[in-house]
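Asks: give me the fold of what follows.
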Amino acid sequence: MSSPSMGDGWMHWWFAVANAGVSIELCSISLRSSRRQRSPGRHMPRKSSPEEIATPLDPSAYDSLDLNRLVVFTLGWLRDHELPPTFENVVVTAFRLFPAKFSLRGFEYPDANRTNRALLQLGPNGRNWALGSPKTGFVLTHNGEDRLAETRDLLATSEPTARRPRPSRNGYTWDVARDLEELRSSAAYTQYQIDGGQSMTIDEVWQALGAYPYTPRTAVKQRLTTLGQIAKAAGDQEMERFIDRLRVVLTHHEASHRGRP
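Replies: As a prediction, this is how the structure comes out:
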């Protein structure tokens, strides 16, 4: 995917996304990039890779921000630096800017699964802050532009650190509280709060579990069982009911697709 032509004036980007096999051409999305909106580090000389120019921010500046907002910020950062918003660039840049949130647990490598879940939550079926896919790249919606401005304001006082924070030495220890936190930030949980999960889709279930349609069913069911045990041990009955609802939607989906190729 080639990088669109960008500048400090108005930019027009024709962007195509696939929906049910039909190519949909979005109307010309006008975006304005101004000095007021530029991300920290914009004054660095432009290079070809986010690995070369993305500098980590102070973890204390973004510790309270959710992954969705940080990925929105990442998309804006890529645009500022005239880098294509490919899935790979989003993964690497989010990790470089916010290693405390996007590191693979116990290692100094990006956790692509965490970034992917956030991107799914930004889509039209979630928060509607971005459009796109790993095949086409990603672009912010008007709502996403508003969230970008808010997030930039929250991070405006942060300064790049000299080095990335190293992951905890107990990186192999499972952070169960973080698992429940991620469930609460999912689009499925939002839908559950609205109507008890009656309108929850199977895609929202995959998203909440960090799984895909091709993930082995035994692994998905084991994940549900483990999450249920975590919620029970934490005394979180609301989360237990939510996990039960995820299981119901998954069971109905499997029943309706049984026997299909």
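Asks: confidence score at the residue nearest the centre of the chain?
Replies: A centroid search over the chain (CA atoms, centre = their mean) returns residue 118, at 1.6 Å, as the residue closest to the centre. Per-residue confidence (pLDDT) for residue 118: 91.
Asks: tell me the contacts of it?
Replies: By CB atoms under 8 Å, 6 or more residues apart in numbering, the residues touching residue 118 are 67-68, 70-71, 94. Using the backbone N, CA and C atoms, a C-beta is placed for each residue, glycine as well.
Asks: out of those residues, who's nearest residue 198?
Replies: Nearest to residue 198, judged by CB to CB, of those is residue 68 at 23.9 Å.
Asks: against residue 147, how distant is that closest one?
Replies: 8 Å (CB to CB, to the nearest Å).
Asks: what's the overlap in contacts for those two?
Replies: Joint contacts of residue 68 and residue 147 (CB under 8 Å, 6+ apart) are residue 129.
Asks: so if I had to pick from the two, which one is more boxed in?
Replies: Legend: neighbour count by other CB atoms under 10 Å for residue 68 and residue 147, higher for residue 68 (23 against 20).
Asks: my read is that the more buried one contacts residue 123, right?
Replies: No. The criterion here is CB atoms under 8 Å, and residue 68 misses it with residue 123 at 10.6 Å.
Asks: tell me the mean pLDDT for stretch 134-146?
Replies: Stretch 134-146 carries an average pLDDT of 92.
Asks: could you list the low-pLDDT ranges of the protein?
Replies: Low-confidence segments of the chain (pLDDT under 70): 1-48, 105-107, 157-176, 259-261.
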